[in-house]
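Engineer: This is a predicted model, with the sequence first.
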Number of protein chains: 2
Amino acid sequence: MSALMNSTVTLEEIYAPVERSLESVSGSMVDILSHANELTQEVVRYFFSVKGKQLRPALTLLGAALKTADTALEKRAVRLGAALEIFHSATLIHDDIIDDALIRRNLQAVHLKWTPKVAVLAGDYFHDQAIKAIFEIGSQELLGLFLKTAGEVCDGEIRELRERHNFDLTEAVYLDIIDKKTASLLACALAGGAILAGAGEHEKNALLRFGLNFGRAFQVVDDLLDLTGTESDFGKTLGADCMAGVLTLPFIHFFSSAGPAKREALMNRYRQEFSPANVQAVRELLRQEGSLDYAVKRAREFSESARHELAIFEETPARRSLERLLDYVLERNK
Amino acid sequence: MSALMNSTVTLEEIYAPVERSLESVSGSMVDILSHANELTQEVVRYFFSVKGKQLRPALTLLGAALKTADTALEKRAVRLGAALEIFHSATLIHDDIIDDALIRRNLQAVHLKWTPKVAVLAGDYFHDQAIKAIFEIGSQELLGLFLKTAGEVCDGEIRELRERHNFDLTEAVYLDIIDKKTASLLACALAGGAILAGAGEHEKNALLRFGLNFGRAFQVVDDLLDLTGTESDFGKTLGADCMAGVLTLPFIHFFSSAGPAKREALMNRYRQEFSPANVQAVRELLRQEGSLDYAVKRAREFSESARHELAIFEETPARRSLERLLDYVLERNK
């Protein structure tokens, strides 16, 4: 969309300082899930046949690299990144049941490729194995942070479910939901890597705040892409949130800003059957009200808040990558 | 059913040595789940409005009481029992989605009272909070055992799903499934309590074997009750396993023992729509082949194997309770 810049930075460039470690993550994921039965192995091969953005493992490795270049650390950080990616995948598989999503990473969603039953259990299994792998890394501080985060992710998802079709949702409640649902795990990934590398309390907290603001920016852009992206780039069903009655930031702005007639027009669209034409009409109403621009502005603000947190770290390639990641997230189209 | 004895021992009597601690478990469960959002709290209040058998907390407390009467230990054992009951509840909520079950503890199942979406997320939340509570108890040995167990429970459930409608299922595979799905958590509950009370490797392993054999007996009787119980006693939908194509021990015996005509007769029943009359006809076919009696015999054998494991413990009230629990499990009708 026009308000977002054209992409000038790629994830490959951003991930360069941790490229070699990041390549080990897939193998570590396979290893963590290697004791699964055949049905689960089929799901593993299918779901991971298309790589996601690997954002969480990359954050873990960058978080570690911010603090040290010690290669002895690498194996544990790779393991943590792999476990977080598996945990994240578990939440995606369950989310797709909950959202009635059709596609994920350009593949049919697991609950449709198999059944919702398989998706429930495969998600549970991924979840359990991820926690077990983090336990085995052997850091109490890390495990404590992760378990707190896992609870928040789930709590955020339930709150989101509860607030569906609530046209009076406030931005404060929305932010609380996305902090828990999305940002907390990104923050945990980054701070987790740094914890393994011996970060102190002050640094850890700065990285948690970076992760939180980065996560907010990331989610707001995700919300925008749900409305304005193209399905082949985005790799998910377009308009899925809208269809499911999830009120995202542009809608929250719209309903707090627009007059009764416009509100009624948008609500009418909500009540109609979901269609590309309908999504287009919704987008146009939001655009006219300035609600898309508002969301872009907020994403930028969160991104800038995140940037400030990096000031206490040395100017390493890892820090530079985190700064560029903040640009990337605003520019991305997938 | 006639092959099982009339009930002569009650759970109240069995639980007597740990009665006071067991009364604290509900409060501890509420505490563990107290940070949930409103929707989750509603599920908590609903699901726990009817107490289950509290078998896992009771095993934990008895496992601890086998080793020590130290009251300082009580709080941690209560917390562990509460966490295991919450974890177990999470698996029940997900199981009921998977099995299309209608009722649980004489209440409408969560996925019907709310939606499958709420059931997926509430189960995830219970699951996460249970793990977090066990982490906070602070025993690495215990957490390691529990996380291994959680993975097994899930693996067992997926294998069961995979083996549905497999009329050639062997008893060995069946036992592997129920060991993981049911027995492992019971074993973990008992051994976990003992670990907190300072049990050594030898004792821990004996209790894990007790739990495994007790769990097998428990599950085989559960399979029988699915066919022969009354719904109001059992508190679950009768014939649910049968309806879902789960092959339980009586069926495995039947298909390995009966001739082609009888096999065909039973398979015909499977293909028909589920009804009480159909369950009755299935039961009669199994009875005639001696398949119900066979399952009862196996349950007794598992129960006796479990009993032998208690020989190394002092003859305390807790040990006596575990012995009586072995009788109870064969006699129970719910």
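Structural biologist: Received, thanks.

Engineer: Quick check: residues of the stretch 1-150 of chain A near chain B?
Structural biologist: Within reach of chain B by C-beta under 8 Å from any C-beta of the partner chain, the stretch 1-150 of chain A has these residues: A:35-40, A:94, A:97-98, A:116-118, A:120-125, A:127-129, A:131-132, A:135, A:143-144, A:147-148, A:150. Heads up, the C-betas are built off the backbone N, CA and C, glycines and all.

Engineer: Restrict those to the buried ones and give me that as a ChimeraX selection.
Structural biologist: To isolate the buried ones among the residues of the stretch 1-150 of chain A next to chain B in ChimeraX, judged by 16 or more other C-beta atoms under 10 Å in any protein chain shown, type:
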select /A:36,37,39,40,94,97,98,116,117,118,120,121,122,123,124,125,127,128,129,131,132,135,143,147,150
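
Engineer: if you look at the residues of the stretch 1-150 of chain A next to chain B, which of them are in helices?
Structural biologist: A:38-40, A:94, A:97-98, A:116-118, A:120-125, A:127-129, A:131-132, A:135, A:143-144, A:147-148, A:150 (DSSP state H).

Engineer: tell me which element the residue lying farthest from the centre of chain A falls in.
Structural biologist: In chain A, counting by C-alpha atoms, centre = their mean, residue A:261 sits farthest out from the average C-alpha position, at 34.7 Å. Using DSSP states H and E, residue A:261 sits within helix A:260-271.

Engineer: Can you tell me what sits against that helix?
Structural biologist: A:165, A:167, A:242, A:245, A:251, A:254-255, A:258, A:278, A:281-282, A:285-286, A:289 (C-beta atoms under 8 Å, 6 or more residues apart in numbering or on different chains).

Engineer: again, but for stretch A:176-184
Structural biologist: A:149, A:152-153, A:155-157, A:159-160, A:163, A:211-216, A:218-220, A:222.

Engineer: go with 6 Å
Structural biologist: A:149, A:152, A:155, A:156, A:157, A:159, A:160, A:212, A:215, A:216, A:219 (C-beta atoms under 6 Å, 6 or more residues apart in numbering or on different chains).

Engineer: Buried residues of that stretch, list them for me.
Structural biologist: So stretch A:176-184, judged by 16+ other C-beta under 10 Å, has buried residues A:177, A:178, A:179, A:180, A:181, A:182, A:183, A:184.

Engineer: Output these in TSV; the columns should cover secondary structure and pLDDT.
Structural biologist: Converted to TSV, the buried residues of stretch A:176-184 look like this (DSSP: H, G, I helix; E, B strand; the rest coil; pLDDT from 0 to 100):
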residue	secondary structure	pLDDT
A:177	helix	97
A:178	helix	97
A:179	helix	98
A:180	helix	97
A:181	helix	95
A:182	helix	96
A:183	helix	98
A:184	helix	98
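
Engineer: Now the two most distant members of these.
Structural biologist: Distance extremes for the buried residues of stretch A:176-184: the farthest pair is A:177 and A:184 at 10.9 Å, using C-beta to C-beta.

Engineer: Would you map the strands across chain A?
Structural biologist: A:103-104, A:107-108 (DSSP state E).

Engineer: Neighbours of the closest residue to chain B within the stretch 201-334 of chain A, how many?
Structural biologist: The nearest approach of the stretch 201-334 of chain A to chain B comes at residue A:244, 9.6 Å away (C-beta to the nearest C-beta). Using other C-beta atoms under 10 Å in any protein chain shown, the number of residues around residue A:244 comes to 18.

Engineer: Now it. Nearest residue, chain neighbours left out?
Structural biologist: Of all residues beyond its chain neighbours, the one nearest residue A:244 is residue A:99 (5.1 Å), with distances taken as C-beta to C-beta, 6 or more residues apart in numbering or on different chains.

Engineer: now residue A:175
Structural biologist: Distances taken as C-beta to C-beta, 6+ apart place residue A:216 nearest to residue A:175, at 6.7 Å, with adjacent residues excluded.

Engineer: Can you get me a residue count around that neighbour?
Structural biologist: Neighbours around residue A:216, by other C-beta under 10 Å: 25.

Engineer: Do I have it right that residue A:165 meets residue A:246?
Structural biologist: No: applying C-beta atoms under 6 Å, one finds residue A:165 not in contact with residue A:246, separated by 8.9 Å.
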